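A.B. asks: Sharing a model that was predicted from the sequence below.
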Amino acid sequence: MKLVFHGAAREVGRSCIEIQTQGDRYLLDCGIKFTTEGFSYPENVFDVVKLDGVLLSHAHLDHSGGLPLFEHYDMVCPIFCTHQTLALTKILLKDSYKIAHIKRLHPAYGKTDLKEVEGSTTRVEFDKWYSHRKLTFRFLNAGHIPGSAAILFEAEGKRILYTGDFNTRTTRLMKPADFAKDLAELGPVDCLITECTYGNRQLPSRAEIEPRFLEAVKRVIANGGSVLIPVFAVGRAQEILIMLAKEQWDCPIYYDGMAKEVTRNVLTNQSTYVINKDELHRMFFSKVKFISSEQHREEVARERPAIFVTTSGMMQGGPAIGYLKELWHDPKNAVFLTGYQVHGTNGRHLVDDGYVFIDGWKTPVKCEVQKFDFSGHADIEDIKRMVWAVHPKKVIFQHGEEESVVNMVEWTKRETPFEPYGPSIGDEIDLGDEKESKNIASLSK
Ligand SMILES: [Zn+2]
């Protein structure tokens with residue numbers, strides 16, 4: 001069996017790993033990457049018409065956003081994902097298509113392709129074995145967002161765990177991933193493919209960061225300013241609502257963008273791994289206010305004090321920039337980013353260099369800016385613990401920027417008996433024949 005890396009290799013975005021067995025080809029995820037210009041797709045995936053299956057770990061567009069383009073190029077194979085991932089992917093794909101049209105990014109695909117993604121999908125349940133052609137696979141809770149899964153699969157006598165995006169800490173919304181517990185029942189793996197978004201950083205604990213965040217919001221409101229909280233529609237938006245539920249607010253809380261539709265979906269879907277639904281329900285149906293039109297949004301954006309919880313989390317789309325237009329010039333206001341900011345996005349520009357692009361204009365932001373690391377991802381210590389617990393023969397680090405991947409590869413070489421890989425795009429790892437395996441880690445640094 002061979003693995004080919006088409007994306008998320010020494011970068012964060014466009015996750016896409018091809019599994020090649022004798023005669024069959026499957027994909028693990030099929031995402032897009034957000035860039036300043038728009039987005040990019042997985043590279044060098046040829047003959048999509050001949051693919052035999054896609055295993056989709058979760059709904060985020062950097063894992064699912066390439067699916068409609070592949071459908072457009074006549075991909076005919078089934079896409080396997082959890083019930084909730086399908087529901088959320090539908091919402092996210094529809095929205096990204098809409099944004100691409102508004103911004104004239106012109107994705108090659110059309111609405112029919114979006115429908116075909118849905119039509120091709122086969123829903124799977126967590127913690128059950130499934131078979132498809134030469135693959136046997138099982139979806140395990142990844143603790144990242146509702147519906148998110150790590151995928152354990154077997155083919156040609158090898159067993160591999162692909163973590164997708166995972167979190168081993170309990171959040172306000174999700175039960176954590178526990179692969180060691182899963183594998184204690186299921187047996188060891190030959191190869192672990194893990195994300196390493198935070199492969200070079202430790203994150204503060206939730207117990208520390210959450211009060212700091214709430215205090216900061218309270219301070220801005222008490223001074224008569226307004227707070228913009230850009231959120232990822234899936235996961236972070238709901239978590240922020242559950243956090244805000246802990247306090248009494250004398251100002252309105254507006255909940256805008258796709259977060260609304262996603263939250264409704266999260267509340268109506270059954271999931272063993274989603275928690276605090278009652279608090280979320282209370283906030284969503286009785287505490288927050290929704291935006292009814294563009295004009296309504298413009299009006300409320302000028303309100304002081306107020307809290308605006310809105311997409312998108314990296315301020316690349318969604319209404320967030322619309323609010324910032326009314327907030328950026330006054331130091332009394334604040335923008336509190338709530339998660340990872342990819343290189344090249346407005347959010348990253350804001351954190352690193354203090355500016356954003358508003359309607360194409362580079363705008364130095366004068367209001368307060370802070371980033372709170374409410375991560376849905378494991379940090380460096382969590383990843384190390386997970387790697388030890390899973391105890392694979394080989395470990396492949398991907399879905400991390402160059403320095404994270406290198407850091408994890410070096411650590412593995414130095415401190416563990418496992419064989420590390422840090423593939424670049426286009427690299428192949430042969431898991432079947434030990435002699436033919438390219439040690440990509442040693443090629444790169
Ligand atoms: Zn994700």
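C.D. replies: Here it is on my side, so go on.

A.B. asks: any idea of the pLDDT on the residue in the stretch 301-445 of the chain that the ion sits nearest to?
C.D. replies: Closest contact between the stretch 301-445 of the chain and the ion, by C-beta to the ion, is at residue 376 (6.4 Å). Bear in mind the C-beta positions are built from the backbone N, C-alpha and C, glycine included. pLDDT, residue 376: 91.

A.B. asks: list the contacts for it?
C.D. replies: 144, 145, 165, 167, 171, 174, 232, 235, 236, 339 (C-beta atoms under 8 Å, 6 or more residues apart in numbering).

A.B. asks: a strand runs through residue 154, doesn't it?
C.D. replies: Yes. Assessed by DSSP: H, G, I helix; E, B strand; the rest coil, residue 154 belongs to a strand.

A.B. asks: can you tell me which residues contact residue 401?
C.D. replies: By C-beta under 8 Å, 6+ apart, the contact set of residue 401 is 10, 11, 12, 343.

A.B. asks: what about the last one, which helix or strand?
C.D. replies: Counting by DSSP states H and E, residue 343 is held by no secondary-structure element, helix or strand.

A.B. asks: before we move on, what about the third one?
C.D. replies: Residue 12 is part of no helix or strand when elements are defined by DSSP H and E.

A.B. asks: And it, how close does it get to residue 398?
C.D. replies: Distance of residue 12 to residue 398, computed by C-beta to C-beta, to the nearest Å: 9 Å.

A.B. asks: The two: which has the busier surroundings?
C.D. replies: Between residue 12 and residue 398, counted using other C-beta atoms under 10 Å, the more crowded position is residue 398 (28 against 23).

A.B. asks: Show me where the stretch 301-445 of the chain dips below the pLDDT cut-off.
C.D. replies: Scanning the stretch 301-445 of the chain for pLDDT under 70 picks out 433-445.

A.B. asks: Thought residue 135 was touching residue 154, still the case?
C.D. replies: Yes. Counting by C-beta atoms under 8 Å, residue 154 does reach residue 135; the two are 7.2 Å apart.

A.B. asks: can you give me the helices in the stretch 251-400 of the chain?
C.D. replies: With DSSP state H, counting those that start in this stretch, the ranges of helices along the stretch 251-400 of the chain come out as 259-268, 277-282, 294-301, 320-327, 346-353, 380-390.

A.B. asks: does residue 182 sit in a helix, a strand or a coil?
C.D. replies: Recorded secondary structure, residue 182: helix (three-state DSSP).

A.B. asks: three-state assignment of the closest residue to it other than its chain neighbours?
C.D. replies: Sequence neighbours aside, residue 140 is the residue nearest to residue 182 in space, at 4.9 Å (criterion: C-beta to C-beta, 6 or more residues apart in numbering). Under three-state DSSP, the three-state class of residue 140 is strand.

A.B. asks: The ion contacts on the stretch 51-200 of the chain?
C.D. replies: Residues of the stretch 51-200 of the chain found near the ion (C-beta under 5 Å from the ion) are 60, 165.

A.B. asks: What segments of the stretch 51-200 of the chain are helices?
C.D. replies: Secondary structure of the stretch 51-200 of the chain (DSSP H, counting those that start in this stretch): helices located at 61-64, 67-72, 83-102, 111-120, 179-186.

A.B. asks: Quick check: which of those helices is buried the most?
C.D. replies: helix 61-64 (a mean of 27; mean count of other C-beta atoms under 10 Å).

A.B. asks: can you give me how far that helix is from the chain middle?
C.D. replies: Averaging C-alpha positions (C-alpha atoms, centre = their mean, to the nearest Å) puts helix 61-64 7 Å from its chain's average.

A.B. asks: Could you break this structure into its assigned domains?
C.D. replies: 2-201+376-444, 206-371 (automatic domain parsing).

A.B. asks: sorry, back to before: who has more neighbours, residue 154 and residue 135?
C.D. replies: Remark: of residue 154 and residue 135, residue 135 carries more neighbours, 21 against 18, as counted by other C-beta under 10 Å.

A.B. asks: and the contacts of residue 376 as JSON lines, adding distance to residue 408 and neighbour count?
C.D. replies: As requested, the contacts of residue 376 are exported to JSON lines (distance: C-beta to C-beta, whole Å; neighbours: other C-beta atoms under 10 Å):
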{"residue": "144", "distance to residue 408": "18", "neighbour count": "31"}
{"residue": "145", "distance to residue 408": "23", "neighbour count": "29"}
{"residue": "165", "distance to residue 408": "15", "neighbour count": "29"}
{"residue": "167", "distance to residue 408": "17", "neighbour count": "23"}
{"residue": "171", "distance to residue 408": "23", "neighbour count": "24"}
{"residue": "174", "distance to residue 408": "23", "neighbour count": "25"}
{"residue": "232", "distance to residue 408": "24", "neighbour count": "27"}
{"residue": "235", "distance to residue 408": "24", "neighbour count": "31"}
{"residue": "236", "distance to residue 408": "24", "neighbour count": "26"}
{"residue": "339", "distance to residue 408": "21", "neighbour count": "20"}
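
A.B. asks: Kindly state the pLDDT recorded for the residue in the stretch 151-300 of the chain that the ion sits nearest to?
C.D. replies: Minimum separation of the stretch 151-300 of the chain from the ion (C-beta to the ion) falls at residue 165, amounting to 3.7 Å. With respect to pLDDT, residue 165 scores 98.

A.B. asks: That one: what's its closest spatial neighbour, skipping adjacent residues?
C.D. replies: Once flanking residues are discounted, residue 165 sits nearest to residue 144: 4.4 Å by C-beta to C-beta, 6+ apart.

A.B. asks: got it, and residue 287?
C.D. replies: Spatially, and ignoring its direct neighbours in sequence, residue 287 is nearest to residue 253 (6.4 Å; C-beta to C-beta, 6+ apart).

A.B. asks: Quick one: residues contacting the one you found.
C.D. replies: For residue 253, the contact set (C-beta under 8 Å, 6+ apart) comprises 244, 287, 288, 289, 306, 307, 309.

A.B. asks: Report how many residues lie close to the residue in the stretch 1-150 of the chain positioned nearest to the ion.
C.D. replies: The nearest approach of the stretch 1-150 of the chain to the ion comes at residue 60, 3.5 Å away (C-beta to the ion). When neighbours are counted by other C-beta under 10 Å, residue 60 registers 27.

A.B. asks: any idea how far it is from residue 383?
C.D. replies: From residue 60 to residue 383 the distance is 18 Å (C-beta to C-beta).

A.B. asks: same deal with residue 159?
C.D. replies: From residue 159 over to residue 383 (counting by C-beta to C-beta), the distance is 20 Å.

A.B. asks: Residue 314 too?
C.D. replies: Taking C-beta to C-beta as the measure, residue 314 falls 22 Å from residue 383.

A.B. asks: try residue 203
C.D. replies: Residue 203 sits 11 Å away from residue 383, going by C-beta to C-beta.

A.B. asks: Looking at the two, which has the bigger crowd around it?
C.D. replies: The neighbour count for residue 203 versus residue 383, taken as other C-beta under 10 Å, is higher for residue 383 (26 against 19).

A.B. asks: give the contact list for the more buried one.
C.D. replies: Residues near residue 383 by C-beta under 8 Å, 6+ apart: 194, 196, 198, 199, 408.

A.B. asks: Fine by me, we can end here.
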